[in-house]
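**Student:** Predicted model, plus sequence, below.
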Amino acid sequence: MAHEILTVKLYELDKKIAQIHSRIQLSEMADRKQIEADLKVFQRECAENRMVLRNRLKYSKAEKVRQIYESYEKIENIIRETKDKICGSATEKMQEDLPIEERILLAEYILDFAMQAADEALLISMEAICIQMKQEERNDD
């Protein structure tokens, strides 16, 4: 069972990474008006995705998932506060005087955090698969 769930999640992650790749490449070739339009669409998508995840975590019947929800909320707040300090708040217009290098540096480290999160997910996945296999071996004995 763990294999199927993890396979689906990995497929979703692969799809998301490909989408990120594609959006960055398309943005580099698009004009400013197109990027601004795409940015607005993607901001809405991100807000919707955050809300869906937040609701799935918040209203889960599993106690462990509610604990994850509390951590997720803390992480979201830290990310928002840091982004606001560096780039300006979401209610303000983007700080256009912020050097591009600083904005790219922020994006670079957030991608590093995403890779670290993926590594952590892999560790937990491998542990779950190992435990599942041990239980199956015990049941076969």
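**Tutor:** The structure has been received and is ready for your questions. This one's a predicted model, so the numbers in the text were calculated from it and none came from an experiment.
**Student:** CA atoms for contacts and neighbours, from now on please.
**Tutor:** Noted.
**Student:** quick one: contacts for His3?
**Tutor:** Going by Cα atoms under 8 Å, 6 or more residues apart in numbering, His3 touches Ile129.
**Student:** where's it relative to Ala118, distance?
**Tutor:** 16 Å (Cα to Cα, to the nearest Å).
**Student:** swap in Gln25?
**Tutor:** From Gln25 to Ala118 the distance is 22 Å (Cα to Cα).
**Student:** Compare neighbour counts for those two and give me the winner.
**Tutor:** Applying other Cα atoms under 10 Å to Gln25 and Ala118 shows that Ala118 carries more neighbours, namely 14 against 11.
**Student:** Secondary structure element holding the more buried one?
**Tutor:** Secondary structure assigned from DSSP states H and E places Ala118 in helix 100-140.
**Student:** pLDDT of that helix, averaged?
**Tutor:** Summarised as a single mean, pLDDT over helix 100-140 is 87.
**Student:** Make residue 1 into 45 and carry on from there
**Tutor:** Noted, 45 is the first residue going forward, which turns the last one into helix 144-184.
**Student:** What lies in contact with stretch 57-77?
**Tutor:** Ile79.
**Student:** What residues of it count as buried?
**Tutor:** Ser71 (16 or more other Cα atoms under 10 Å).
**Student:** CA atoms only for that stretch, dumped as PDB, please.
**Tutor:** Taking C-alpha atoms only, stretch 57-77 is exported to PDB below (Å, rounded to 0.1, in the frame of the first residue of the first chain):
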ATOM      1  CA  LEU A  57       6.100  15.900  -7.700                       C
ATOM      2  CA  ASP A  58       7.600  15.000 -11.100                       C
ATOM      3  CA  LYS A  59       4.700  16.800 -12.800                       C
ATOM      4  CA  LYS A  60       5.100  19.900 -10.600                       C
ATOM      5  CA  ILE A  61       8.900  20.000 -11.100                       C
ATOM      6  CA  ALA A  62       8.300  19.800 -14.900                       C
ATOM      7  CA  GLN A  63       5.700  22.600 -14.600                       C
ATOM      8  CA  ILE A  64       8.100  24.800 -12.700                       C
ATOM      9  CA  HIS A  65      10.800  24.100 -15.300                       C
ATOM     10  CA  SER A  66       8.500  25.000 -18.100                       C
ATOM     11  CA  ARG A  67       7.100  28.200 -16.500                       C
ATOM     12  CA  ILE A  68      10.700  29.500 -15.800                       C
ATOM     13  CA  GLN A  69      11.700  28.800 -19.400                       C
ATOM     14  CA  LEU A  70       8.600  30.400 -20.800                       C
ATOM     15  CA  SER A  71       9.000  33.400 -18.600                       C
ATOM     16  CA  GLU A  72      12.500  34.000 -19.900                       C
ATOM     17  CA  MET A  73      11.100  34.100 -23.500                       C
ATOM     18  CA  ALA A  74       7.900  36.100 -22.800                       C
ATOM     19  CA  ASP A  75       7.400  39.800 -22.800                       C
ATOM     20  CA  ARG A  76       6.700  41.700 -19.600                       C
ATOM     21  CA  LYS A  77       2.900  42.000 -20.100                       C
END
